[in-house]
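K.L.:
A predicted structure for the sequence below; I have some questions about it.
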Amino acid sequence: RKYKWAFTGTPHKSSRHDLLFQFSDIKPFFCHKTQKFDVKNISVDEMNEVLSSTEFIPCPSGFVHPESYRLYEALECGCIPIVENAYKYYDRLFPNNPFIKVDMWIEAKPAISEWREDQIKQKREECRTWWSQYKKQLQEFIINKINL
């Protein structure tokens, strides 16, 4: 993949500033900062191209809530998500998930900068398999509820 990591969005919180600071020396990367939430300065096609060419996607907490769309974009594009571990939110939402979880962004630097290609490939496959199974189970759950 072309990029080690990528970030698009507003660096409106100290956590996001720290993320950009901690990862700035890990190259190659893609970073597109916006001034306001929901400003469409990058096309869907370009975003798809970037995500499909990136190994790790840091997923900082959203503006108000720990969850954000970045996690789902990362999983759909075959990236390895790195999530903030606030309140162990993702362990409660998705038990036994394979995401890389950090309390501070500096904790993710070794994975992004030092993992060998086989380690990255293994984690990517673990995430892909987990996400595929999760979506299948969710579909079955919804179908069963509808057919009651």
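P.N.:
Arrived safely, thanks for sending.
K.L.:
Just want the most central residue of this protein.
P.N.:
Centroid-nearest residue in the chain, with CA atoms, centre = their mean: Pro81, separated by 3.2 Å.
K.L.:
The longest helix along the chain: which residues count as buried?
P.N.:
Assignment by DSSP state H gives helix 117-146 as the longest helix of the chain. For helix 117-146, a neighbour-count test (16 or more other CB atoms under 10 Å) marks Ile120, Lys123, Arg124, Cys127, Arg128, Trp130, Trp131 as buried. For every residue, glycine as well, the C-beta is placed using N, CA and C.
K.L.:
who's in contact with the first one?
P.N.:
Applying CB atoms under 8 Å, 6 or more residues apart in numbering, one finds that Ile120 lies in contact with Glu55, Ile80.
K.L.:
same thing but 7 Å
P.N.:
Going by CB atoms under 7 Å, 6 or more residues apart in numbering, Ile120 touches Glu55.
K.L.:
now the third one
P.N.:
Contacts for Arg124 were tallied using CB under 7 Å, 6+ apart; they are Gly78, Ile80.
K.L.:
so what's the nearest residue to Phe94 once chain neighbours are set aside scoring on pLDDT?
P.N.:
Residue nearest to Phe94 in three dimensions, not counting chain neighbours: Tyr134, with 6.9 Å by CB to CB, 6 or more residues apart in numbering. With respect to pLDDT, Tyr134 scores 97.
K.L.:
ditto for Ser15
P.N.:
If you check Ser15, the pLDDT there is 93.
K.L.:
residue ranges of the strands in this protein, please?
P.N.:
With strands called from DSSP state E, the chain shows them at 3-9, 29-33, 54-59, 80-84, 100-102.
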